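1. compute the structure for the input listed below.
(one chain, ligands or ions: 1)
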Amino acid sequence: MADWLATLERRAELRAKAGLTRRLRPRSADDAVIDLAGNDYLGLATHPEVTGAATAALRAYGLGATGSRLVRGSTYVHQDLEDALADWLGTERALVFSSGYLANLGALRALVQPRTLLVSDAHNHASLIDGCRISGAETVVTPHADVAAVQAALAAAPGRPAVVVTESVFSVDGDLAPLARLHEVARRHGALLLVDDAHALGVTGPAGAGAVVAAGLAGAPDVVVTATLSKSLGGVGGVVAGPAPFVRHLVETGRTFIFDTALPPAMAAGVRAAVELARTRDDLRAELVDRGALTVRRLRAAGLTVSTPAAGVVSVTAPGPEAATTWAEDCGERGVAVGCFRPPSTPDPRSRLRLTLNAGVPRSDFEQALDVVVACAPEGARDGQRVGVDA
Ligand code: PMP
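-> Numbering: from 1, shown residues only. Just a heads-up that it's a prediction; the model follows:
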């Protein structure tokens, strides 16, 4: 075997020994598994109005956008989606990217000027971390949800442009960032606030407009919101929303916008229909709140260590990476898909199951799935502590 491949094999063996092997698990379209692992919080990925709109645009426009947005890839469907997203999020403008990852990379790079300081939460998603890196700006990583640390980092860089970078609902533990306080501190120091609202959009806030709107920050001139279209909206793609001059700057300079093939029009049309549904379905959001509370009650009653969900993400502590893998596999064998998060995908050495709620899953299936999670819990998982913001 060539040397470089042998090196990769050795690394894979080390990961396997530590119980950290990652595996692809393909599924069929009609598997009977109860989904507590995907991010289709409102069940819109398969909603007939969503798939119907996508199918109509697929027939009209074909499979792909055939070019980047500035060349041939912009359609009226993209424009309509961007107008709808800006209206929903209460911002002057919104710009769609082909993924949330690229939206974060593009937004961060475009926000950075010479001497900019980025202040990034320790639990931030990989796309924000990579965005900070790619921007080339000096980055201070502050302890999770620690407003005083953010304040200290900003105070230590007087007169420098700065951006505070955070998720709203954190993707691994499901807790909520102190957005209003972060904004206050940022504003006091003349800094901007970038919030990745990926896990809150469609799930929290008035008309599901997300955590930034819920925190009263909609349309603030010093706030930029990013999100993915792949969670509550059931599709794929990303969005950056904020003041019009910033969005214009992104159109003209954002590398992950300019040099990337546009989102397929069919996807934009499906997501557009999902936005319309998401805005009106308070009933689905109420169901998610209820399911979150039930999950916490049931699992804690069984002695499991469970985070307090701010939206649709519930994290359950596993005794270690192998135990987490076995736990998730046992659930899978009993017909329940759960997320399994182990280092380095976790912000600390703790392995977890991640349960994501889906209002489209029938209630009885969901309750049955909780029983399976409890029944499959490994030795050592039932130490009865809580984790999360209020632990
Ligand atoms: N930000 C957060 C917080 C996420 O959880 C994700 C999705 N895993 C992304 C960004 C990336 O979005 P996308 O999957 O659309 O690239």
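
2. for burial, what's the neighbour tally of G19?
-> 16 (other CB atoms under 10 Å). Backbone N, C-alpha and C define where each C-beta goes, glycine included.

3. quick check, it in contact with W327.
-> No - with contact defined as CB atoms under 8 Å, G19 does not count as touching W327 (11.6 Å).

4. ok, which residues in the stretch 101-250 of the chain are in contact with the ligand?
-> Y101, N104, H125, S127, E167, S171, D196, A198, H199, T228, S230, G238 (CB under 6 Å from any ligand atom).

5. just give the closest residue to whichever residue of the chain sits closest to the ligand, not the sequence neighbours.
-> Of all residues in the chain, G100 sits closest to the ligand, at 2.5 Å by CB to the nearest ligand atom. Counting by CB to CB, 6 or more residues apart in numbering, G100 lies nearest to T228, which is 2.9 Å off, once chain neighbours are set aside.

6. the one you found touches G235, doesn't it?
-> No - with contacts counted by CB under 8 Å, T228 stays clear of G235, the gap being 9.1 Å.

7. could I get the phi/psi values of the residue nearest to G100?
-> phi -100, psi 150 (degrees, to the nearest 10).

8. what's the neighbour count on it?
-> 27.

9. and it, what's its pLDDT?
-> pLDDT recorded at T228 is 98.

10. same check on G384?
-> 53.

11. quick one, what contacts the closest residue to R25 other than its chain neighbours?
-> Distance criterion CB to CB, 6+ apart; nearest residue to R25, sequence neighbours excluded, is G332 at 7.6 Å. Residues near G332 by CB atoms under 8 Å, 6 or more residues apart in numbering: R25, V33, V338.

12. ok, the second one touching R25?
-> No - counting by CB under 8 Å, no contact exists between V33 and R25, whose distance comes to 10.2 Å.

13. these two: which is more packed in?
-> V33 (16 against 9).

14. check what pLDDT the more buried one gets.
-> 95.

15. which non-adjacent residue is nearest A180?
-> A215 (4.8 Å).

16. show me what contacts the residue of the chain most remote from its centre?
-> Distance from the C-alpha centroid of the chain, by CA atoms, centre = their mean, peaks at M1 (39.2 Å). Listed by CB under 8 Å, 6+ apart, the contact set of M1 reads E9.

17. tell me if I am right that L44 is in a strand.
-> No - checked against DSSP: H, G, I helix; E, B strand; the rest coil, L44 lies outside a strand; its state is coil.

18. with adjacent residues omitted, what lies nearest to it?
-> G234 (3.8 Å).

19. got it, and A162?
-> Closest to A162 by CB to CB, 6+ apart is A191, at 3.8 Å.

20. list the contacts of that neighbour.
-> If you count contacts by CB under 8 Å, 6+ apart, then A191 has V119, L154, P161, A162, V163, V164, V185, D222 around it.

21. switch the cut-off to 6 Å
-> Each residue near A191 by CB atoms under 6 Å, 6 or more residues apart in numbering is listed here: L154, A162, V164.

22. one more: A324?
-> By CB under 6 Å, 6+ apart, the neighbours of A324 are A318, C340, R342, S351.
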